[in-house]
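J.: what's the 3D shape of this:
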Amino acid sequence: MKSALRIAAAIGLGAVLSGAPVIAPAFAQDKEPAMTGKTAMGPVLTDAKGMTLYVFDKDGAGKSACNGPCATNWPPLMAPASAKPMGKYSVVTRDDGSRQWAYNGKPLYSWAKDAKPGDTTGDGVNNVWHVAKP
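T.: Residues are numbered from 1 along each chain as shown. Prediction:
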């Protein structure tokens, strides 16, 4: 266990020294499931890889309406079975029984066409997708 912690610390230090962002894994229970990133649109919520997260106007509070092919284009920010609500974050159960993170009751998604951190190409798609703002 101690060597695993040393390796993790070394990786984190290497990222800091190289100028790369250090991002906590989304599955850590003591960390919020999303981070805040900077984009041309201002601050947005991002996943652990720094990719922009989105909300869907057709979702109800605490319920995802994006399933099947929709979820292929808009991958849900999945939550582990052990995930518990924290602050503005909650967990919703999807139609298939899997769990997804939500912010202020709105399920969170990434967009398959965003290529790199900071992209916001999903904002405004079909006038129903919007960047998730903190």
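J.: Residue 102 contacts residue 108, correct?
T.: Yes: using Cβ atoms under 8 Å, residue 102 is in contact with residue 108, at 6.2 Å. Placement of C-beta: from N, CA and C, glycine included.
J.: any idea what sits nearest residue 50, other than its immediate chain neighbours?
T.: Spatial nearest neighbour of residue 50, chain neighbours left out: residue 117 (3.3 Å); criterion: Cβ to Cβ, 6 or more residues apart in numbering.
J.: Contact partners for that neighbour?
T.: For residue 117, the contact set (Cβ atoms under 8 Å, 6 or more residues apart in numbering) comprises 37, 46, 49-52.
J.: Can you tell me which residue is spatially central in this structure?
T.: With distances taken as Cα atoms, centre = their mean, residue 47 lies nearest the centre of the chain, 3.2 Å away.
J.: Just the helices from this protein, written as ranges.
T.: Secondary structure of the chain (DSSP state H): helices at 2-18, 69-73.
J.: Relative to residue 73, how far out is residue 33?
T.: Using Cβ to Cβ, to the nearest Å, residue 33 is found at 21 Å from residue 73.
J.: Now do the end-to-end distance for stretch 45-58.
T.: Chord length of stretch 45-58, first to last residue, is 19 Å (Cα to Cα, to the nearest Å).
J.: What ranges in this structure fall below the confidence cut-off?
T.: Within the chain, the ranges that satisfy pLDDT under 70 run 1-31.
J.: so where do the strands sit in it?
T.: Ranges of strands within the chain are 35-39, 42-46, 54-56, 78-79, 89-93, 99-103, 106-107, 129-131, based on DSSP state E.
J.: Which elements pack onto the third one?
T.: It refers to strand 54-56. strand 106-107, strand 129-131 (3 or more Cβ pairs under 8 Å, 6 or more residues apart in numbering; DSSP states H and E).
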